[in-house]
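model this:
(one chain, ligands or ions: 1)
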Amino acid sequence: MKRRPIARIADALLNARSLLFCCHVNPDGDTLGSAMALARAARLLGKRADVGSSDGVPDIYRFLPERERVLKEPQPGAEYDLVAAVDVDGFERLGAFGPAARQAPLYAVIDHHVSSAEEGMVDLRACDTSAAATAEIVFDVLKALKVPLDVEIATHLMTGILTDTGSFRFSNVRPRTFAIAETLAEAGAHPGPIFKEVYERRPFSTVKLLGLVLARCRQSCRGKVVWAVVSRRDFEEAGAKEEETEGIVNHLTTVATAEAAVLMRETLKGDVRVSLRTAGRLDAQEIARKFGGGGHRMAAGCTLPGPLDRAEAELIACLESLAQALP
Ligand SMILES: [Mn+2]
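Predicted coordinates for the structure are as follows:
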């Protein structure tokens, strides 16, 4: 991306003494890895830096070197010169850290999503929707800061890129993604062991849940819409936690006819978290936005009020009408 926003963010980080890097709710490898890499870099520069993740660190990301320093809620009395939202734009997606971001003397956004709101609230913005992962943008920021790329920082960034690109398979991968990955691998972060940590050290319950959910997957519009739901009963039967639905939607996208693939899961609070993927003809981000969410053209998310069956009916009807209109 352009030099200017990167240089401005780098200057702001250098001028701050106390920093907070915030992840989005329902955190993924990119938001966690990017925020942790920034916090570690800031500390290497002699600053005080925290990572805020309202929903904590899912078990599959427990191997990340900085996980111990992640806060689930703001520490009482903590004050920051700079708060940055990482891989997210919008205070309400920062969970418990939304107020800290709102009140920050300087509020920055480092992100690769289509930006949503709060234009006037953001002091500094390094956003590039062509980046496969926010970790790619963070890589440029760290380069501008001249922070040495140690194996820990490289591992965080490689995790962000690996998980946001479906292990270098998705259409968001660009030549530069490999160039950055090359540098990260040279610094000691090989994608193989990271893949193993994230995807192949599952508890039995994750596989059990996958089976229960896939066994009940449904389709309509001659296979253009494919979906599955995860109810509280499924979580109980499998003995699984909320975060263990991660990746299930990617099985639905493998259906050849699918223009839209959806996984809906009932949360403990009773609302319905939606993961939406499209084959590219339908705009996932636009659809998610109708329901108050956001994301990218081919991958997006939103939350609907429960109960599950009503949310399912509403969302699928919307997708069916869009899918039917396709030539
Ligand atoms: Mn991301």
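
Please make it C-alpha for all contacts and neighbour counts, starting now.
OK.

Show me the protein divided up by domain.
Annotated domains of the chain cover 3-199, 204-324 [automatic domain parsing].

State the mean pLDDT of the host helix or strand of residue 139.
Element membership for residue 139, per DSSP states H and E: helix 134-145. Helix 134-145 shows a mean pLDDT of 98.

Mind giving me the packing neighbours of that helix?
helix 3-15, helix 29-44, strand 107-111, helix 151-164, helix 175-186 (3 or more Cα pairs under 8 Å, 6 or more residues apart in numbering; DSSP states H and E).

residues from the stretch 201-327 of the chain in reach of the ion?
Contacts of the stretch 201-327 of the chain with the ion, taken as Cα under 5 Å from the ion, are absent.

Where do the strands of the stretch 201-327 of the chain begin and end?
Along the stretch 201-327 of the chain, the segments classed as strands by DSSP state E, counting those that start in this stretch run 218-220, 225-230, 260-266, 272-278, 294-295, 299-304.

I'd like the ones you listed laid out as CSV, including mean pLDDT and mean neighbour count.
Shown next, in CSV, are these (pLDDT from 0 to 100; neighbours: other Cα atoms under 10 Å):
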stretch, mean pLDDT, mean neighbour count
strand 218-220, 98, 16
strand 225-230, 98, 24
strand 260-266, 98, 27
strand 272-278, 97, 25
strand 294-295, 87, 24
strand 299-304, 94, 21
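
Just put those in JSON lines and tack on distance to residue 25.
As requested, these are exported to JSON lines (distance: least, Cα to Cα, whole Å):
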{"stretch": "strand 218-220", "distance to residue 25": "28"}
{"stretch": "strand 225-230", "distance to residue 25": "19"}
{"stretch": "strand 260-266", "distance to residue 25": "15"}
{"stretch": "strand 272-278", "distance to residue 25": "11"}
{"stretch": "strand 294-295", "distance to residue 25": "13"}
{"stretch": "strand 299-304", "distance to residue 25": "11"}
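
quick one, which of these is nearest to residue 100?
Residue 100 lies closest to strand 294-295 among these, at 22.0 Å (Cα to Cα).
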